[in-house]
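Asker: Sharing a model prediction with you, sequence too.
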Amino acid sequence: MTTPLELHTAVLDALEAIATVQVFDGDVPAKPPAAADGRVYPYAVAWPGPGTPDPEPDVAAQPRDELAYEERVTVASGSVTWTLQAVQLVRDRLHHVEILPGVRLREERLGVPATKDPDTTPVRWYVPLAFRCLTP
């Protein structure tokens, strides 16, 4: 069975392939890279989940060796345009893409719009995304 750590590492590896988006593993530095005008460059933060074993037993109640796994990814930058562009790049790297042999993620619909974060300086816009898979 694929472990949550293997899945999280595969997500990070997939995101690292995006040249124009900085990738952080569960934490953002106090001063992420920024342009000369102070706007923070696009970044994605991957938030791993522990997974849920045997999420839906079959009708015969036979245990299955499966794991439901969800990875949250927050995409942010100092510009709403940059953030939306980065969201598309993240989707292109993760949604329905095989991140490990036989393992594909699908984006869950969160329906959260690009939002201005009032607690960051300099200002940032962010979009939370969620990707889920069921893996043997």
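Answerer: Structure's in. What do you need? Residues are numbered from 1 along each chain as shown.

Asker: ok, His96 - contacts?
Answerer: Going by CB atoms under 8 Å, 6 or more residues apart in numbering, His96 touches Arg104, Leu105, Arg106. C-beta here means a position set from N, CA and C on the backbone, and glycine is covered the same way.

Asker: repeat that for 6 Å
Answerer: Arg104 (CB atoms under 6 Å, 6 or more residues apart in numbering).

Asker: again with Ala76
Answerer: Going by CB under 6 Å, 6+ apart, the list of residues near Ala76 reads Tyr43, Arg124, Tyr126.

Asker: 7 Å instead?
Answerer: Taking CB atoms under 7 Å, 6 or more residues apart in numbering as the criterion, Ala76 is in contact with Tyr43, Thr83, Arg124, Trp125, Tyr126.

Asker: so what strands line up beside the lowest-mean-pLDDT helix or strand in the chain?
Answerer: The helix or strand with the lowest mean pLDDT-type score in the chain, counting by mean pLDDT, DSSP states H and E, is strand 52-53 (a mean of 77). Take DSSP bridges as the rule and strand 52-53 pairs in its sheet with strand 67-77 (antiparallel).

Asker: in the helix or strand following the partner strand, what counts as buried?
Answerer: Next in sequence after strand 67-77, counting helices and strands by DSSP states H and E, comes helix 80-94. For helix 80-94, the neighbour count (16 or more other CB atoms under 10 Å) marks Val80, Trp82, Thr83, Ala86, Val87, Leu89, Val90, Arg91, Arg93, Leu94 as buried.

Asker: who does the residue nearest in space to the middle of the chain bridge with?
Answerer: By CA atoms, centre = their mean, the chain has its centre lying nearest to Val73, at 2.5 Å. In this entry, Val73 is beta-bridged to Ala46, Leu129, by DSSP bridges.

Asker: Show me what the least confident helix or strand of the chain is in contact with.
Answerer: Outside strand 52-53, the residues within contact range by CB under 7 Å, 6+ apart are Leu67, Ala68.

Asker: Then stretch 101-109?
Answerer: 2, 91, 94-99, 129-133, 135.

Asker: how much space is there between the residue nearest to Thr74 when sequence neighbours are not counted and Met1?
Answerer: With CB to CB, 6 or more residues apart in numbering as the criterion, Thr74 has its nearest non-adjacent residue at 4.6 Å, and that residue is Val45. In this view, Val45 and Met1 are 26 Å apart by CB to CB, to the nearest Å.
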